[in-house]
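Participant: can't give you the sequence, but here's the structure:
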């Protein structure tokens, strides 16, 4: 059995083009692309077609390619939820929320203190013993 790639590319046009390129590789089909005005031109094997750039999605590409269901390459495409450009933006948002939450709850006397059993070098006096000048 063959592995099914799980794709997590961005939600922008570049991300969609990466999805399409992986599908072409997986299907073993030669793919050539180019821009013609506001459309993306595809040469998919022996077939040539265009899709308006503002309508380009993986589903639109597969539909325009004319591939029958049983010939479609197996790929799983997971995009970041609507409103997010990519998975990194989601992670950054989560980190920002976590940071704000910690800031809100860590307002006590010891907040911001790093409780590490090893001494913090920044808090130690510089050692001068044994140093030559």
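Facilitator: Cool, the structure landed. This one's a predicted model, so the numbers in the text were calculated from it and none came from an experiment.

Participant: can you give me the strands in this structure?
Facilitator: Ranges of strands in the chain, per DSSP state E, are 6-7, 31-36, 39-44, 47-52, 76-77.

Participant: For the last one, enumerate the helices and strands it packs against.
Facilitator: The reference is to strand 76-77. strand 6-7 (3 or more Cβ pairs under 8 Å, 6 or more residues apart in numbering; DSSP states H and E). All C-beta spots, glycine's among them, are computed from the backbone N, C-alpha and C.

Participant: that older thread, pick the most buried one from the strands of the chain.
Facilitator: strand 39-44 (a mean of 18; mean count of other Cβ atoms under 10 Å).

Participant: avg pLDDT for that one?
Facilitator: Mean per-residue pLDDT for strand 39-44: 94.

Participant: quick check: angle from it to strand 47-52?
Facilitator: 160 degrees (axes from the mean of the first three to the mean of the last three Cα atoms, to 10 degrees).

Participant: Within the sheet, what are the partner strands of strand 39-44, with directions?
Facilitator: Note on strand 39-44: by DSSP bridges, its sheet partners are strand 31-36 (antiparallel), strand 47-52 (antiparallel).

Participant: quick one: low-confidence parts of this structure?
Facilitator: Regions of the chain meeting the criterion pLDDT under 70 cover residues 1, 101-133.

Participant: where exactly do the helices run in this protein?
Facilitator: Secondary structure of the chain (DSSP state H): helices at 13-27, 58-65, 87-105.

Participant: Out of these, the one nearest residue 35 is which?
Facilitator: Closest to residue 35 of the helices of the chain, according to Cβ to Cβ: helix 13-27, at 10.4 Å.

Participant: how about the closest one: buried residues?
Facilitator: 15, 16, 17, 18, 19, 20, 22, 23, 24, 26, 27 (16 or more other Cβ atoms under 10 Å).
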